[in-house]
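In: Fold the stuff below for me.
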Amino acid sequence: APPPPPAVQLSGTDPRVRELLKGLSSDADFARWLAAEDLVRRFAAATNLVAEGQSPRMPLSFMAPAGGFQVAKRKGRTLMAPESTARYDTLARVIASLDVKAVQRVYQELKPLLDAAHAELAPPGRGLDPTLSQAIARLTRVPVPRTPVELTPRGALYVYADPNLEALGAAEKHLLRMGPDNMRKVQAKLTELATALGLPSTEQARQP
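Out: Residues are numbered from 1 along each chain as shown. Modelled structure (predicted):
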């Protein structure tokens, strides 16, 4: 039998990854994000977390918005404050700025590295494409609120007054915090990317 192919090395790949990624967007904040370390593993970790409905806060810490969550009181109701959703304007703008064709090309070039990073985290036999498809499907299925989102105090925190929204996973709730306008931008770009990358359908992505 022929010897197995050499294992893909992830250490020391950041310079090559940054060089490839810098052509995806001309946005200055996107360039700032590329200064983060271990980019391939961060992408794989965030994809796995979102696919499972969990928060990608840790691997995507370099994308965190400034400031804290704020609420507004209107006619006896507690709502997400516009200042709170505005914190995500930068994130939505950068995502919307991505060149879909460039992403398609770079994704294929980085596929061996991405697959190797994903294999460190995923169950045996589960590929990156189904995981990424499931993550995108989770986010694009989140309904965009047509009215201001009402909140209810619970201890020192706030929860969604609508039980359907409160029942969503942490990943979906992160998207809701971005506000309707930013949600639409992100969901539209994710839909474009899923099509361009030829990702499996949601039903295929759910298969083990």
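In: C-alpha coordinates for stretch 111-121, CSV please?
Out: Provided in CSV are the C-alpha atoms of stretch 111-121 (Å, rounded to 0.1, in the frame of the first residue of the first chain):
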residue,chain,number,x,y,z
LYS,A,111,-9.4,24.0,1.7
PRO,A,112,-6.6,21.6,2.8
LEU,A,113,-5.8,23.8,5.8
LEU,A,114,-9.4,24.4,6.6
ASP,A,115,-10.2,20.7,6.4
ALA,A,116,-7.3,19.9,8.7
ALA,A,117,-8.3,22.5,11.3
HIS,A,118,-11.9,21.3,11.1
ALA,A,119,-10.8,17.6,11.6
GLU,A,120,-9.3,18.6,15.0
LEU,A,121,-12.7,19.6,16.3
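In: who's in contact with that stretch?
Out: Where contact means CB atoms under 8 Å, 6 or more residues apart in numbering, the residues beyond stretch 111-121 that reach it are 7-8, 10, 13, 17, 40-41, 43-45, 47-48, 107, 127-128, 131. The C-beta positions use only the backbone N, C-alpha and C, and glycine is treated the same way.
In: Buried residues, it. List them.
Out: 113-119 (16 or more other CB atoms under 10 Å).
In: Looking at those residues, spot the one nearest residue 197.
Out: Using CB to CB, residue 114 comes nearest to residue 197 of the buried residues of stretch 111-121, at 11.3 Å.
In: Show the subsequent helix or strand relative to the helix ranked longest in the chain.
Out: Looking across the chain with DSSP state H, the single longest helix is helix 100-119. Counting by DSSP states H and E, the next helix or strand C-terminal to helix 100-119 is helix 128-140.
In: which helices and strands does that following helix pack with?
Out: helix 39-51, helix 100-119, helix 170-176, helix 180-196, helix 202-206 (3 or more CB pairs under 8 Å, 6 or more residues apart in numbering; DSSP states H and E).
In: okay, the angle between the second one and helix 128-140?
Out: Think helix 100-119. Calculated by axes from the mean of the first three to the mean of the last three CA atoms, to 10 degrees, helix 100-119 forms an angle of 110 degrees with helix 128-140.
In: angle of helix 100-119 against helix 180-196?
Out: 80 degrees.
In: How far off centre is helix 100-119?
Out: Relative to the chain's own centre, helix 100-119 is displaced by 15 Å; criterion: CA atoms, centre = their mean, to the nearest Å.
In: Deepest in the core, which of the helices and strands packed on helix 128-140 is it.
Out: Ranked by mean neighbour count, these are led by helix 39-51 with a mean of 22 (mean count of other CB atoms under 10 Å).
In: quick one: average confidence on it?
Out: The pLDDT scores in helix 39-51 average 97.
In: what helices or strands is that helix leaning on?
Out: Applying 3+ CB pairs under 8 Å, 6+ apart, we find helix 39-51 packed against helix 14-21, helix 100-119, helix 128-140.
In: for the record, mean pLDDT for the first one?
Out: Across helix 14-21, the average pLDDT comes to 97.
In: Give me the next element, helix or strand, following it.
Out: helix 28-33.
In: quick one: buried residues of that following helix?
Out: 30, 33.
In: List the contacts of it.
Out: For helix 28-33, using CB under 8 Å, 6+ apart, the contacting residues are 22, 24, 62-63, 90, 93-94, 97-98.
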